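Peer 1: Predicted model and sequence follow; I will ask about them next.
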Amino acid sequence: MSIARTILLRASRSTWLAEQFRRRSFARRAVRRFMPGEDLGSALDAAGTFGASGLGSVVTALGERVSTRAEAEGVRRHYVDVLDAIAARHLPTHVSVKLTHLGLDVDRALCLDSVRALAVHAAATGTMLWVDMEESHYVDATLDLYRAVLAEHPGVGLCLQAYLHRTPGDLESLLAAGASIRLVKGAYREPPEVAFARKADTDAAYLTLARRMLDSAATNQRQVFGTHDLGLLERVRAHAAAQSLPGSAWEVHMLYGVESPAQRALAAGGVSVRVLISYGSHWFPWYVRRLAERPANVWFVVRSLIPRSSSSTLGTTA
Ligand code: FDA
């Protein structure tokens, strides 16, 4: 892991820095590169715009590691409203949640109850619920909870991280259970006994796992590749073609504001693409993880310090 990435991922856990950044208008300007706005309305407006040009979307409210029951219950109520709003606006939009946002650290039974309730509501409103994967010490609890929900609601999907040494085993057991998987590389700072330290090893693991997912596409629900690595996606596409899989057998999910031209080009080429749109005021840890994914992004923060009139390219996407 590069020094810049290590420093940024450490900083992402600082509550002091979070408070400083949230108060600064330059930081709020910089974060707009990765989110259309802090409110749900902005996220759903963006989802509507993507929908009109043939791109699906996934929305997620920013927040993680809540520490009280009341906060966790508030997040659950919020997501019920989100599902209702998606249905009311007829948007081609899924919802993705973090378990620690729904109270995993507070009360696991409460968290399970909330995911079950959201799965029921997602099915009733004709959309899909995804569960994100957080730091490695949450993986066992996340898998246990997900398996319990999957047994009752086969439409719910789970994120798996290619950088974890354990993921090939987890993938096999989840494929056997008929899970929908969104494969990503992994965004957190993990020790080498838990995750690959070298990016090249993570990339190689991703390709092996992606091929394994495609090989089981006939019997499984939904195979999603959450990455902006266009070379890797080309190899995924080649493997799908070699298996004679139709374009509908797999999907690509990318983040709002990252590789936007590639998102449109993939969709125009017949690949099913969804854009993950985040919103909310608790953006600091999530935003710094985006900086860590491409430390050159720090320059966008620096440029945000320059007033708008002198920085005409501010906000352009990669
Ligand atoms: P990689 O890091 O190799 O980047 C490939 C290329 O994409 C780079 O060269 C650069 O051009 C571009 N790029 C990537 N990130 C960028 C950025 N932030 N800004 C600008 N350009 C960028 N992680 C996790 O641990 N748990 C989760 O639940 C999720 N969920 C999730 C959902 C979706 C839809 C996506 C796309 C990603 C996640 N992630 C995640 C994050 C994921 O683990 C990973 O950190 C990022 O996707 C970056 O890795 P890439 O696969 O894009 O490859």
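Peer 2: Looks like it arrived, so ask away. Everything quoted here is computed from the prediction, not taken from an experiment.

Peer 1: thought M128 was touching V95?
Peer 2: Yes - M128 lies in contact with V95 (CB atoms under 8 Å); the separation is 7.5 Å. Every C-beta, even on glycine, is put in place using the N, C-alpha and C of the backbone.

Peer 1: any residues in contact with both of these two?
Peer 2: A122 (CB atoms under 8 Å, 6 or more residues apart in numbering).

Peer 1: Before we move on, what's the pLDDT of A177?
Peer 2: Listed pLDDT for A177 reads 93.

Peer 1: Identify the residue nearest it in space, chain neighbours excluded?
Peer 2: L150 (6.0 Å; CB to CB, 6 or more residues apart in numbering).

Peer 1: Now do the helices in the chain.
Peer 2: Using DSSP state H, the helices assigned to the chain run over residues 3-11, 15-23, 25-31, 40-52, 69-88, 108-124, 139-152, 167-176, 199-215, 230-242, 260-268, 284-293, 298-304.

Peer 1: Return the distance of the longest one from the chain's centre.
Peer 2: Between the centre of helix 69-88 and the centre of its host chain there is 18 Å, according to CA atoms, centre = their mean, to the nearest Å.

Peer 1: check contacts around the residue in the stretch 1-150 of the chain that the ligand sits nearest to.
Peer 2: In the stretch 1-150 of the chain, the residue that lies nearest the ligand is D132 (3.3 Å; CB to the nearest ligand atom). D132 makes contacts with T60, S96, V97, K98, L99, C159, as judged by CB under 8 Å, 6+ apart.

Peer 1: In a markdown table: the helices of the chain, plus distance to L183.
Peer 2: What follows is those, written out as a markdown table (distance: least, CB to CB, whole Å):
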| stretch | distance to L183 |
| --- | --- |
| helix 3-11 | 20 |
| helix 15-23 | 29 |
| helix 25-31 | 26 |
| helix 40-52 | 22 |
| helix 69-88 | 23 |
| helix 108-124 | 20 |
| helix 139-152 | 14 |
| helix 167-176 | 8 |
| helix 199-215 | 6 |
| helix 230-242 | 9 |
| helix 260-268 | 16 |
| helix 284-293 | 16 |
| helix 298-304 | 27 |
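
Peer 1: winner for burial among the ones you listed?
Peer 2: Mean neighbours per residue, mean count of other CB atoms under 10 Å, is largest over the helices of the chain for helix 284-293, with a mean of 21.

Peer 1: Which secondary structure elements does it sit against?
Peer 2: helix 3-11, helix 15-23 (3 or more CB pairs under 8 Å, 6 or more residues apart in numbering; DSSP states H and E).

Peer 1: Please state the offset of the first one from the chain centre?
Peer 2: What it means is helix 3-11. The answer for helix 3-11 is 20 Å, by CA atoms, centre = their mean.

Peer 1: Contacts for that helix next, please.
Peer 2: Contacts of helix 3-11 (CB under 8 Å, 6+ apart): L17, Y188, R189, V288, R289, L291, A292, P295, V298.

Peer 1: what's the closest of the residues you listed to the ligand?
Peer 2: Of the contacts of helix 3-11, the one sitting nearest to the ligand (CB to the nearest ligand atom) turns out to be Y188, at 5.6 Å.

Peer 1: ok, the nearest residue to the closest one once chain neighbours are set aside to A30 distance?
Peer 2: In space, and not counting its chain neighbours, Y188 is closest to E135: 4.9 Å by CB to CB, 6+ apart. Between E135 and A30 the computed distance is 25 Å (CB to CB, to the nearest Å).

Peer 1: One more: A204?
Peer 2: 33 Å.

Peer 1: likewise S57?
Peer 2: 22 Å.

Peer 1: and the longest strand seen in the chain, C-alpha only, in CSV?
Peer 2: Longest strand in the chain, counting residues (DSSP state E): strand 272-279. Output of strand 272-279 as CSV, limited to C-alpha atoms (Å, rounded to 0.1, in the frame of the first residue of the first chain):
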residue,chain,number,x,y,z
SER,A,272,-25.9,-3.0,-18.0
VAL,A,273,-24.4,-0.2,-16.0
ARG,A,274,-25.5,1.4,-12.6
VAL,A,275,-24.0,4.5,-11.0
LEU,A,276,-23.7,4.4,-7.2
ILE,A,277,-24.9,7.8,-6.0
SER,A,278,-24.1,8.8,-2.4
TYR,A,279,-25.6,11.6,-0.4
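
Peer 1: Paired strands for that strand, with orientation please.
Peer 2: According to DSSP bridges, strand 272-279 has the following sheet partners: strand 56-61 (parallel), strand 250-255 (parallel).
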